[in-house]
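Asks: Coordinates for the following, if possible.
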Amino acid sequence: GKPTVFGTKPAARFDHAWGYDQITPDSVIAVFGGEGAGGALMSDLWKLRVNPVHDVLTWEEVTGMAGNTPSPRSQHAMTYERGSHRISVFGGKLVGGALDDTLHIGVFHPHATNQTKGWINSARGEQSLAKHFGILEGGAVFQRVPELHGPDSTTTWDSLTSAPKLQEWYPQMFSIGPDSVFAAGPSLNSHILNTATQNWSDFPASSGTTFKGGAAVMYRPWKIMKAGSRDTDQGSARGITASIDLKEPPAAWTSSIDSMMGRVNHNLVLLPTGEVLAVGGHAVIGNATGTTPVYQPEIWHPDTTSGGSRGKWRGKDVLALDNTKRDYHSTAVLLPDGRVLSGGGEADTAARRALNVFCPPYLFNSDGSQATRPIITSTPERMQYGERFTICMPTNSSSASIALLRPGATTHGFDMNQRYVPLVKVGSEVQGSRVIVDAPADSAIAPPGDYLLFVLNSAGVPSVGRWVRIGRWWDRPDSGAPGVVDL
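Replies: This next block holds a predicted model:
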């Protein structure tokens, strides 16, 4: 039958906006603005409480809102964020036909009368619009304002209110300088945020990519690679791969020589050799049932070039399979001994709770036997930027290259912490046991913190990594020549 209606109803109107709250005990519809009789525009806010159990509707005008109420309007968009009880009003047609580019946020609790409530106006610099609509998916609220935290642990977070930008969840962000962050994706175009000026700019300005990129890594300082599909794409996952050198003018995304296997929700892991391991994922986007897992790992070689292409994948038919489904919420990180730990996944099963360890090819000789690894007997625990330091090794060891790898911090197919930093040797080994190395010049190359230091021999076999900490204020580093080394 017809529901019973209580309260005073709002005046008749059209081109208004409303949002629906479906979580609170009595569901609420919030209504704002619209055009009434004689073309009068309105700025009143109402809530309609819906009690489906007793078939009752109750109207109530929301008054006493602090702050600046949005000007009267129609043809605007509105969303109601159910968890925070926030109304977001944007755009619309104002008196005289003017348009509005300010985002108005109203806060009120639908079931409370004695509470703090009000409007917050936030100029976003968006395009002024009318006759558009807004959709809030699944109750999610996407924060567009970046925040910056200082180096001191007591420093609070500072909102960069002049730099709002809507990005997909888990954006692929990389620190590239004291005031610069590079956003590789997931989007067709990449961007740089200058945190000092609070300004976003397209980079490169004239070209993007044909894919969002499911995961990304900084495989060398200022060099980024992204590969695979994003879970907001559709259809079959792609293995398309591209890289960019931010210091090479003119910077541009460059396609890889070939593609990896099509993957979505996969992980990319940097290896001590400077290569990139791809593990896990699914071959079909949105495959929640887990029927299309990709078990085959692959390795991307960034230094292989052909024509205008950079990088090449290998291992599709050679590397050992991980026969556990590793999909959304899976993780993969490099271990200090050079192996890769893989675990987790979307469903809570015994198999996904188990951890698997992958042994990359560099740990073996061509006949399958274990390769002889370089040995580090001593390194400084701390080093300053630009300082020269010493790595001590047994007299029969040799070093062809040395690198720092920042430890893993993986979530949702993206490791925002890992980074590969090659180090420069100064001359040859001293008395066959000491290697003199220059630390990274500054934090743009290697942000301060903990790293794994690896020494590789001429066959590309890495040592077991040693933990070192890089910063500006440590005591001057060095380590003495080893005495008697127990081999």
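Asks: what about the strands in the stretch 51-200 of the chain?
Replies: For the stretch 51-200 of the chain, strands defined by DSSP state E, counting those that start in this stretch occupy the ranges 56-61, 73-74, 77-81, 86-90, 93-94, 102-107, 118-123, 147-149, 157-159, 172-177, 180-185, 191-194, 199-202.
Asks: Tell me which of those strands sits nearest to Glu381.
Replies: Between Glu381 and the strands of the stretch 51-200 of the chain, the shortest gap by C-beta to C-beta is with strand 172-177, which sits at 23.5 Å. Every C-beta, even on glycine, is put in place using the N, C-alpha and C of the backbone.
Asks: quick one: strands adjacent to that closest one?
Replies: Sheet pairing for strand 172-177, assigned by DSSP bridges, gives strand 180-185 (antiparallel).
Asks: tell me how far the strand it pairs with is from the chain's mean position?
Replies: Distance of strand 180-185 from its chain centroid, counting by C-alpha atoms, centre = their mean, to the nearest Å, is 10 Å.
Asks: Can I get that strand in CSV, CA atoms only?
Replies: Output of strand 180-185 as CSV, limited to C-alpha atoms (Å, rounded to 0.1, in the frame of the first residue of the first chain):
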residue,chain,number,x,y,z
SER,A,180,59.4,15.8,-7.5
VAL,A,181,57.3,12.6,-7.8
PHE,A,182,56.7,10.7,-11.0
ALA,A,183,53.4,9.0,-11.5
ALA,A,184,53.8,6.2,-14.1
GLY,A,185,50.3,5.0,-13.9
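Asks: Which residues does it contact?
Replies: 167, 171-176, 190-195, 203, 209, 212-213, 216, 224, 226, 230, 244, 246 (C-beta atoms under 8 Å, 6 or more residues apart in numbering).
Asks: are any of those residues buried, and which?
Replies: 167, 171-176, 190-193, 195, 203, 209, 212-213, 216, 224, 226, 230, 244, 246 (16 or more other C-beta atoms under 10 Å).
Asks: rewinding a little: which stretch in the strands of the stretch 51-200 of the chain has the least confidence?
Replies: Of all the strands of the stretch 51-200 of the chain, the segment with the smallest mean pLDDT is strand 118-123, scoring a mean of 70.
Asks: before we move on, the earlier item: right, and the strands of the stretch 51-200 of the chain - which one's nearest Cys392?
Replies: Nearest to Cys392, of all the strands of the stretch 51-200 of the chain, is strand 172-177, at 31.2 Å by C-beta to C-beta.
Asks: How far off centre is that closest one?
Replies: Computed by C-alpha atoms, centre = their mean, the separation of strand 172-177 from the middle of its chain amounts to 10 Å.
Asks: Surely Thr410 and Asn265 touch.
Replies: No - using C-beta atoms under 8 Å, Thr410 makes no contact with Asn265, being 11.7 Å away.
Asks: ok, the two, which is more surrounded?
Replies: A side-by-side neighbour count of Thr410 and Asn265, using other C-beta atoms under 10 Å, places Asn265 first with 27 against 21.
Asks: Hmm, the more buried one is touching Gly413, no?
Replies: Yes - taking C-beta under 8 Å as the contact criterion, Asn265 and Gly413 are neighbours in contact, 5.1 Å apart.
Asks: Give me the residue ranges of the stretch 101-250 of the chain where confidence is low.
Replies: Using pLDDT under 70 as the threshold, the predicted model of the stretch 101-250 of the chain has low-confidence ranges 109-116, 121-142, 151-155, 206-207.
Asks: if you set the cut-off to 80 instead, what comes out?
Replies: Along the stretch 101-250 of the chain, the model assigns pLDDT under 80 to residues 101, 108-117, 120-144, 150-155, 166, 205-209.
Asks: ok so, going back, got any residues that touch both of Asn265 and Gly413?
Replies: Taking C-beta under 8 Å, 6+ apart as the criterion, Asn265 and Gly413 both touch Gly214, Gly281, Tyr328, Ser330.
Asks: Just give the number of residues close to the second one.
Replies: Taking other C-beta under 10 Å as the criterion, the count of residues near Gly281 is 30.
Asks: can you offset everything so residue one is 380?
Replies: OK, 380 is where the count begins now, so the last one is Gly660.
Asks: Any idea which of the strands of the stretch 430-579 of the chain gets closest to Gly417?
Replies: The stretch from the strands of the stretch 430-579 of the chain with the least distance to Gly417 (C-beta to C-beta) is strand 452-453; that distance is 13.0 Å.
Asks: and that closest one, how far from the chain's centre?
Replies: When C-alpha coordinates are averaged (C-alpha atoms, centre = their mean), strand 452-453 and its chain have centres 37 Å apart.
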